[in-house]
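Enquirer: Here's a sequence, model it:
(chains A, B, C and D)
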Protein chains: 2
Amino acid sequence: MCGEKMTLSNKENARVFKAFCDENRLQILELLHGGEKCACRLLEEMSISQPTLSHHMKILCDSGIVVGRKEGKWMHYRISPEGVRIAQDYLTGLTAADPTCESEPCCES
Amino acid sequence: MCGEKMTLSNKENARVFKAFCDENRLQILELLHGGEKCACRLLEEMSISQPTLSHHMKILCDSGIVVGRKEGKWMHYRISPEGVRIAQDYLTGLTAADPTCESEPCCES
DNA sequence: AAAACATATTGACTTTTTTGAATCTATTGC
DNA sequence: GCAATAGATTCAAAAAAGTCAATATGTTTT
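Expert: Prediction:
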């Protein structure tokens, strides 16, 4: 089916949201918001070493929020709308009404 | 104004998303999805110690994703739709078109 | 083929996060 | 008041994450 939403395990969701819980990664996402950029460009706009950037790019790609494209000796990175959508779907599910919900009060005095 | 969206710093956004990058916290959110629960109920449905639960509840509350309500000797916790909305708005901004976007290609060969 | 360049990986170190035993605070019930 | 209960805090240890120098890999250029 087409608009089907997949449910990820807690472990998988934690990996997705790892993308957003480090300041440097948020800065990288900020830079990628302007469009696809290669690692060397990201590096010169940040104040971290090249191995550190590479490390964060790996986490961002593993989370699915960023995708990379190799072109010659360059790696171009961009935000993945599909990855972001998965994170959004999780958040939507958090506040959606749950049909299996028992509303019994907890620890009433 | 009413529908105004606030822009948080990277540091603040990182704190918000900390809520979602730990498996135990995701399990807590799963439990709170069924509705407000007190800490003692959460504790008996999880496999962690009481201080550890208290630690995670603090992080969840600091992130704004969960709010607590004290009633006698009990603490009742629930998911905050306003907090979740803030996280959602950040994600929406990630993929929204940027008017100040320069689309100049990066490292073309 | 050698030099230069872009990026990834390894290894060591530092910092942060997670964890639970022990303890403290606050509330309830006797 | 005293005992019991719920939850937070303190402290120390263990685990995980972030950092960068050095090095490795792969690509382009000369």
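
Enquirer: Then A:His76 would be within a helix, right?
Expert: No. Secondary structure of A:His76 (DSSP: H, G, I helix; E, B strand; the rest coil): strand, not part of a helix.

Enquirer: what sits against it?
Expert: Counting by Cβ atoms under 8 Å, 6 or more residues apart in numbering or on different chains, A:His76 touches A:Glu36, A:Lys37, A:Cys38, A:Gly68, A:Arg69, A:Lys70, B:Cys106, B:Cys107. To be clear about C-beta, it is placed using only N, CA and C from the backbone, and glycine gets the same treatment.

Enquirer: What is the nearest of those residues to DNA strand D?
Expert: A:Lys70 (7.5 Å; Cβ to the nearest atom of the strand).

Enquirer: returning to what we had before: now a ChimeraX select for only the buried ones of the contacts of A:His76.
Expert: The buried residues among these can be selected in ChimeraX (16 or more other Cβ atoms under 10 Å in any protein chain shown) with this line:
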select /A:36,37,38,68 /B:106,107
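
Enquirer: Of the contacts of A:His76, which are in range of DNA strand C?
Expert: Among the contacts of A:His76, the ones lying close to DNA strand C by the criterion of Cβ under 7 Å from any atom of the strand are A:Cys38, A:Gly68, B:Cys107.

Enquirer: Tell me how far the most centrally placed residue in chain A lies from A:Glu108.
Expert: The residue lying closest to the centre of chain A (Cα atoms, centre = their mean) is A:Ile65, at 3.5 Å. Taking Cβ to Cβ, to the nearest Å as the measure, A:Ile65 falls 42 Å from A:Glu108.

Enquirer: How about A:Asp98?
Expert: A:Asp98 is 21 Å from A:Glu108, by Cβ to Cβ.

Enquirer: Could you do A:Asn10 as well?
Expert: Noted for A:Asn10: a distance of 29 Å to A:Glu108, by Cβ to Cβ.

Enquirer: now swap in A:Ser63 and tell me
Expert: A:Ser63 is 41 Å from A:Glu108, by Cβ to Cβ.

Enquirer: Looking at those two, which is more packed in?
Expert: Using other Cβ atoms under 10 Å in any protein chain shown, the more surrounded residue of A:Ser63 and A:Glu108 is A:Ser63, with 22 against 10.

Enquirer: so where do the helices sit in chain A?
Expert: Taking DSSP state H as the criterion, chain A contains helices spanning A:10-17, A:23-33, A:39-45, A:50-63, A:81-95.

Enquirer: Please state the offset of the shortest one from the chain centre?
Expert: Right, helix A:39-45. 20 Å (Cα atoms, centre = their mean, to the nearest Å).

Enquirer: returning to that earlier point: got the ones next to DNA strand C among the contacts of A:His76 as TSV, with pLDDT and distance to B:Val84 columns?
Expert: Listed next are the ones next to DNA strand C among the contacts of A:His76 as TSV, based on pLDDT from 0 to 100; distance: Cβ to Cβ, whole Å:
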residue	pLDDT	distance to B:Val84
A:Cys38	97	34
A:Gly68	97	30
B:Cys107	80	38
